[in-house]
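Engineer: Next come a sequence and a model predicted from it.
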Amino acid sequence: MKSVLILLMLLVSHAAQAFQVVDDRGVSVTFAQAPQRIVSLLPSLTETVCALGQCARLVGVDRYSNYPESVKNLPQVGGGLDPNIEAIVALKPDLVLMATSSRVGERLQSLGINVVALEPKTHADVKRVLEKIGQVLAVTDAQSIWRTIDAAISAAAQSLPKSVASTRVYFEVNPGPYGAGESSFIGETLIRLGVKNIIGPKLGPFPKLNPEFVVRANPDVIMIGQRSADSMAQRPGWQSLRALREHRLCVFTTDQSDVLVRPGPRMAEGARLMAQCLADKAGAVKTTAPWLKTGPAKP
């Protein structure tokens, strides 16, 4: 009888530890306990695991995950869209974190590996994903981490003078050119910083633009990565842009671009980078210029 009671207690204890989460695919994933061996196939998810203080649980990452420094020493298993299945299986993970756009989830699940697909695209998504991964890893302070991030973004906005509010900004994500629209997490940060995005919400979060679109919009400040900046001279009409003529161009290094384009726990640092750009460059905008009253001047 005693042995039966012990067995029942063990079963009840195991059931209490087991839990389920629903990922961004709408798939319910059951865990017997919090996973200890994690492979991450998306840099923002890698950074989220580490922001929760659980970097030590990572046993492999995608080729683009490079922050914090410690993850550079982990085995790389390919890209998020083209991961090496054999390399992942060899690491014996009890969880693979991946984007919803990755096509390998079902294959990994068929091999008995738990997969949670999460793809943050907005500020609200970053908060939700932080809390979701916190739930999966049994970390209880995810909400306080988000509050710190959110407060730091607000502080970056409060550091700027009111005159910046009239500034029209173009943020280029990569050389397509793909820009960051109002509905993207980058666009949301720009809104919180109080400036105007030349790419409205109707174009989507990260639209591919005709370079002439930017020429017609003629932004006051351009935020761009080094790789994109190197190709600007070849774009028809861009030499006439007011931002280039008046040296109101912020060129971000590769490391800074990584911070800016990843919807994850370093968003506050991204907001500070954008605020610094605006503080340095937007002050040159002449608020009495006719084009501020009548709309963007045509080049």
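Structural biologist: Yes, it's here.
Engineer: Any buried residues in stretch 128-139, and which?
Structural biologist: By 16 or more other CB atoms under 10 Å, the buried positions in stretch 128-139 come out as 128, 129, 130, 131, 132, 133, 134, 135, 136, 137, 139. Just so you know, the C-beta spots here come from the backbone N, C-alpha and C atoms, and that holds for glycine as well.
Engineer: cool, and stretch 95-110?
Structural biologist: Applying a neighbour-count criterion of 16+ other CB under 10 Å, one finds 95, 96, 97, 98, 99, 102, 104, 105, 108 buried in stretch 95-110.
Engineer: okay, now the nearest residue to residue 19 once chain neighbours are set aside: neighbour count?
Structural biologist: Excluding the flanking residues, the one nearest residue 19 by CB to CB, 6 or more residues apart in numbering is residue 31, at 5.7 Å. When counting by other CB atoms under 10 Å, one arrives at 19 neighbours for residue 31.
Engineer: Residue 31: what's it in contact with?
Structural biologist: Applying CB atoms under 8 Å, 6 or more residues apart in numbering to residue 31 gives the contacts 18, 19, 20, 21, 95, 114, 136.
Engineer: contacting residues around the residue nearest to the fifth one when sequence neighbours are not counted?
Structural biologist: Read that as residue 95. Among residues not flanking residue 95 along the chain, residue 35 sits closest, at 3.7 Å (CB to CB, 6+ apart). Taking CB under 8 Å, 6+ apart as the contact definition, residue 35 lies against 57, 93, 94, 95, 114, 136, 137.
Engineer: Verify the stated contact: residue 143 with residue 131.
Structural biologist: Yes - Residue 143 lies in contact with residue 131 (CB atoms under 8 Å); the separation is 6.4 Å.
Engineer: would TSV of the buried residues of stretch 95-110 with distance to residue 268 be doable?
Structural biologist: Shown next, in TSV, are the buried residues of stretch 95-110 (distance: CB to CB, whole Å):
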residue	distance to residue 268
95	26
96	27
97	22
98	25
99	22
102	27
104	32
105	30
108	32
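Engineer: SS state for residue 59?
Structural biologist: With DSSP: H, G, I helix; E, B strand; the rest coil as the basis, residue 59 sits in strand.
Engineer: could you measure it against residue 66, distance?
Structural biologist: 17 Å (CB to CB, to the nearest Å).
Engineer: Of these two, give the one with the bigger neighbour count.
Structural biologist: residue 59 (19 against 16).
Engineer: What is the burial count for residue 72?
Structural biologist: Counted with other CB under 10 Å, residues neighbouring residue 72 total 11.
Engineer: And residue 84, by the same measure?
Structural biologist: 16.
Engineer: Now do the phi/psi pair for the residue nearest to it when sequence neighbours are not counted.
Structural biologist: In space, and not counting its chain neighbours, residue 84 is closest to residue 78: 4.4 Å by CB to CB, 6+ apart. The phi/psi pair for residue 78 (degrees, to the nearest 10) reads phi 90, psi -170.
Engineer: Now do the same contact list for residue 78.
Structural biologist: 62, 63, 84, 87.
Engineer: Could you report the separation of the residue nearest to residue 19 from residue 138?
Structural biologist: 9 Å.
Engineer: would JSON lines of the contacts of residue 78 with secondary structure and distance to residue 234 be doable?
Structural biologist: Listed next are the contacts of residue 78 as JSON lines, based on DSSP: H, G, I helix; E, B strand; the rest coil; distance: CB to CB, whole Å:
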{"residue": "62", "secondary structure": "coil", "distance to residue 234": "31"}
{"residue": "63", "secondary structure": "coil", "distance to residue 234": "28"}
{"residue": "84", "secondary structure": "coil", "distance to residue 234": "36"}
{"residue": "87", "secondary structure": "helix", "distance to residue 234": "39"}
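Engineer: Can you lay out these as CSV showing pLDDT?
Structural biologist: Converted to CSV, these look like this (pLDDT from 0 to 100):
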residue, pLDDT
62, 97
63, 96
84, 96
87, 97
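Engineer: still on that earlier bit, run through the bridge partners of the residue nearest to residue 84.
Structural biologist: residue 83 (DSSP bridges).
Engineer: returning to what we had before: who wins on neighbours among the contacts of residue 78?
Structural biologist: Greatest neighbour count in those, by other CB under 10 Å, goes to residue 62: 26 neighbours.
Engineer: And for residue 151, the neighbour number?
Structural biologist: So residue 151, with other CB under 10 Å, has 11 neighbours.
Engineer: Make 27 the starting number, not 1.
Structural biologist: Happy to do that; since the first residue is 27 now, the last one works out to residue 177.
Engineer: That concludes my questions; thank you for your assistance.
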